[in-house]
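Participant: I'll drop the sequence and a predicted model, then ask my questions.
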Amino acid sequence: MTLTTGPSADRRGLRGGFTLLELILVMVIICTVLAMAAPSLRGFFASRQTTDAAAQMVALAQYARAQATAQGTTYRLNVDTQAGKYWLTSQTAGAFVALPSEFGRVFLLPEGTRAEWESPAEASAQGWVAFYADGRSDTAEIQLTGRQGEKVTVACVSPAERFHVVTAGEASP
């Protein structure tokens, strides 16, 4: 039996691992690909913020409808289009007050997103949508426009329907 040591052992392919040059080259390739993809990902996340705000507005509307029915009182989804805020209030002793829970806090639209009342004129003049003890609500359509121009509409087309996000192919009243 012959034992070989020294430089001849490296020539037979017993080398393990990568060289520093190979690792640096792989890192340069990964960084280049990420740098090319980053701008498009930023736009994706910005448009998701507008959709998420619409979904949150729908969730608040559904909570207000359920609570109004369960408690036998009127709730309002208030929307301040100028300040980009929305929040819930409930009727207590003849006045509308903020809810003493997480649902009563003021929610802000994402930066660069604006809200506009589309219909009816009554809701836009009041600045709120009411939810009544009998399960009805005011009809309304609120359009959210993101900073990249994407539009998402939150609508309730009849007093008996629930608020929902209107998809691009869905007709609004």
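Facilitator: Good, I have the coordinates. Numbering: from 1, shown residues only.
Participant: distance of residue 16 relative to residue 26?
Facilitator: From residue 16 over to residue 26 the distance is 17 Å, taken as CB to CB, to the nearest Å. For the C-beta atoms, the positions are set from N, CA and C on the backbone; glycine is no exception.
Participant: what about those two, which has more around it?
Facilitator: Neighbours per residue (other CB atoms under 10 Å) separate residue 16 from residue 26, with residue 26 holding more: 11 against 5.
Participant: burial count for residue 24?
Facilitator: Residues lying near residue 24 (other CB under 10 Å) number 11.
Participant: nope, residue 143 is what I meant
Facilitator: 19.
Participant: C-terminal to the helix or strand harbouring it, what's the next element?
Facilitator: Per DSSP states H and E: residue 143 is located in strand 140-145. Under the assignment DSSP H and E, the closest C-terminal helix or strand after strand 140-145 is strand 151-156.
Participant: please spell out which residues along that next one are buried.
Facilitator: 152, 153, 154, 155, 156 (16 or more other CB atoms under 10 Å).
Participant: average model confidence for it?
Facilitator: Mean per-residue pLDDT for strand 151-156: 91.
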